[in-house]
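Q: take this sequence and fold it.
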Amino acid sequence: MMKMFVFILALGFSYSARAADPTVVDVRRNITLSEDDTVYKDFYINADASAGLKKNLVVTAVRKINIRDASGASAVGEIFVPVGQLKIIAVYDKVAVAREYALLSRDELPMLEQTGIMTGDRIEVKGSFIDNSKSKPKRKVAEETVPPATTTAVVVNTTVVTSPASTATAAPASSASAGNPVETANVKADALLKAASNSSPVSAAAAAATSSASAGESLEKTQVSGNNTLHE
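A: Have a look, this model is predicted:
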């Protein structure tokens, strides 16, 4: 009878110890109104002062997994698999509030059907440490990296296009500077008369006659060629 009483007492102490284990009882997330708002995800832990939780303490969240055979008829046992780490941000009388510190890789740990820390996960204080660094807030949308500005070289074509008007052949200077045939004949006649005035009267008369004949000949040629300059 005494042995039975001792066994029941020990079982009661064991049950109370298990009931006092800190456990995640609720997970809450804020509702963001814009993409730039900070996302907060709080994990509420049922723990009193005896649990040893304090601010900035990083603890491990473990998940109990019941193992059954392939048929699922018989239970083989249960294991506690580490899920991730939580950092305590506030401690109250019977509740502690924590936020996600890091998720543990599955490379050397058993896989989980549901990733991430969730309600029902047990808090393991063994192996905990203090981290006084300021946690970085998480945003809904990651900040975009602005690519560096690139300079584009623009090559300007400097080819000079020659207009058809500039390639036209210039008129000969001799044709542009050619004078009126009548005026040319008059100049020659004046020169002959001037030369004749310095010589004898006979020679002057002859020169005058010659100049008159030359002027008449020039006028006759001009009329034959159809030049209308004389009528202007």
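Q: in the longest strand anywhere in the chain, what counts as buried?
A: The residue-count maximum for a strand in the chain (DSSP state E) belongs to strand 75-91. Residues of strand 75-91 classed as buried: 82-89, 91 (neighbour count, 16 or more other Cβ atoms under 10 Å). In this view, the C-beta of every residue, glycine as well, is placed from N, C-alpha and C.
Q: could the residues you listed be laid out in CSV, adding distance to Leu53 and pLDDT?
A: Rendered in CSV, the data for these read as follows (distance: Cβ to Cβ, whole Å; pLDDT from 0 to 100):
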residue, distance to Leu53, pLDDT
Pro82, 18, 97
Val83, 17, 97
Gly84, 16, 97
Gln85, 13, 97
Leu86, 10, 98
Lys87, 11, 97
Ile88, 5, 97
Ile89, 11, 97
Val91, 6, 96
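Q: tell me the one of those nearest Asn66?
A: Taking Cβ to Cβ as the measure, Asn66 sits nearest to Val83 out of the buried residues of strand 75-91, at 15.7 Å.
Q: surely the closest one is in contact with Leu103?
A: Yes - using Cβ atoms under 8 Å, Val83 makes contact with Leu103 at a distance of 7.3 Å.
Q: now for the two: what residues contact both?
A: Common neighbours of Val83 and Leu103, using Cβ atoms under 8 Å, 6 or more residues apart in numbering, are 115-117.
Q: any of those buried? List them.
A: A residue is treated as buried here by neighbour count (16+ other Cβ under 10 Å); on that basis the buried members of those are Ile117.
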